[in-house]
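**Q** could you look at this predicted model? Sequence included:
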Amino acid sequence: MMIDPALSSPHIGYAIGRSVGGAVQRNRVKRQLRALFAAREAQLEPGWYLIGVQRSLAGASFERLSQAVDALLGKVAQKP
């Protein structure tokens, strides 16, 4: 996370390695994460974010990914 007050909104990149699965599965996870972060954009400061995906989230349900995103946003909110 790198806060950048010059930006008007958060910019998010995704790092999803091959250990998560094939291209179809990685793209599915990326689409789901984009939707989840778009819905929670107001909770993020303008800046640059790089989101990595753990192998344990491969094939996770949308609800499980949503819980993981909420936990991550809770951690981000605690950082100074």
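**A** That came in fine, so what should we check first?
**Q** what's the spacing between the closest residue to Arg40 other than its chain neighbours and Gln43?
**A** Nearest non-adjacent residue to Arg40, counting by Cβ to Cβ, 6 or more residues apart in numbering: Leu73, 6.2 Å away. In short, each C-beta sits where N, CA and C put it, glycine included. Look at Leu73 and Gln43: by Cβ to Cβ, to the nearest Å, they are 5 Å apart.
**Q** where does the chain have low pLDDT?
**A** The model of the chain has pLDDT under 70 over residues 1, 80.
**Q** all strands of the protein, in order?
**A** 2-3, 11-15, 47-52 (DSSP state E).
**Q** got the buried residues for the second one?
**A** This points to strand 11-15. Ile12, Tyr14 (16 or more other Cβ atoms under 10 Å).
**Q** tell me what Met2 is bridged to.
**A** Per DSSP bridges, the residues bridged to Met2 are Trp48.
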